[in-house]
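In: Let's see this in three dimensions:
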Amino acid sequence: MTSRYPEETTRRKRTPRAEDNDVGDLYSINCPCREVLDLIGSKWSVLVIGRLEEGSHRFGDLRRAVPGITQKMLTQTLRRLEEDGMVRREVLTEMRPPGVEYSLTELGHTITEPLEAIRTWTEQHLPDVRRARDQFTGA
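Out: Modelled structure (predicted):
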């Protein structure tokens with residue numbers, strides 16, 4: 001199966017706006033920060049970034065390292081992370097056929113610590129959440 005993903009990634013060009021220099025306000029309904037929060041708060045982004053913390057991965061390796069993710073969802077997640085400057089996509093032209101490798105950018109590395117805290121909290125508090133769910137449903 002051949003990929004329709006372009007050899008070189010192009011970014012959408014947009015006109016700078018005055019509010020681009022603002023930090024943002026997540027509680028403002030029109031704040032673009034909400035799009036970023038949606039991306040970094042998604043299950044797949046959290047897991048993909050966690051694997052890329054370990055180092056660069058090729059697509060197939062990354063798909064195997066994140067069980068349950070479909071090819072389509074991994075492609076979409078990587079594209080969004082790349083578009084927002086958190087993931088770098090590198091075409092390995094010295095290989096035949098050429099391969100693609102993904103890694104975290106400098107910006108991507110800045111989110112790893114908060115996401116690690118979320119992954120750790122989730123694993124540690126799973127029993128508490130299960131108990132709360134059971135109590136809620138009356139089980």
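
In: helix, strand or coil for the residue most central in space within the chain?
Out: In the chain, the centroid-proximal residue (CA atoms, centre = their mean) is residue 45; its distance is 2.8 Å. With DSSP: H, G, I helix; E, B strand; the rest coil as the basis, the three-state label of residue 45 is helix.

In: Ok, residue 91 next?
Out: Using three-state DSSP, the structure places residue 91 in strand.

In: isn't there a helix covering residue 120?
Out: Yes - using three-state DSSP, the assignment for residue 120 is a helix.

In: ok now do the residue nearest to the centre of the chain, which residues does it touch?
Out: 39, 77, 80-81 (CB atoms under 8 Å, 6 or more residues apart in numbering). For glycine as for every other residue, the C-beta is placed from the backbone atoms N, C-alpha and C.

In: cool, and residue 51?
Out: With CB under 8 Å, 6+ apart as the criterion, the residues that contact residue 51 are 57, 62, 65-66.

In: Please identify which helix or strand holds it.
Out: Secondary structure assigned from DSSP states H and E places residue 51 in helix 43-53.

In: again, but for residue 63
Out: Assigned by DSSP H and E, residue 63 belongs to helix 59-65.

In: In that helix, which residues are buried?
Out: Across helix 59-65, burial judged by 16 or more other CB atoms under 10 Å covers 59, 62-63.

In: List of residues touching that helix?
Out: Helix 59-65 is touched from outside by 48, 51-52, 57, 69, 71, 74, 78, 100, 102, with contacts defined as CB under 8 Å, 6+ apart.

In: So for the next helix or strand after that helix, what gets flagged as buried?
Out: Using DSSP H and E, the helix or strand that follows helix 59-65 in sequence is helix 71-83. Buried residues in helix 71-83, counted by 16+ other CB under 10 Å: 73-75, 77-78, 80-82.

In: Using JSON lines, please lay out those together with pLDDT and distance to residue 23.
Out: As requested, the buried residues of helix 71-83 are exported to JSON lines (pLDDT from 0 to 100; distance: CB to CB, whole Å):
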{"residue": "73", "pLDDT": "98", "distance to residue 23": "30"}
{"residue": "74", "pLDDT": "98", "distance to residue 23": "31"}
{"residue": "75", "pLDDT": "97", "distance to residue 23": "31"}
{"residue": "77", "pLDDT": "98", "distance to residue 23": "25"}
{"residue": "78", "pLDDT": "98", "distance to residue 23": "27"}
{"residue": "80", "pLDDT": "97", "distance to residue 23": "21"}
{"residue": "81", "pLDDT": "98", "distance to residue 23": "21"}
{"residue": "82", "pLDDT": "97", "distance to residue 23": "23"}
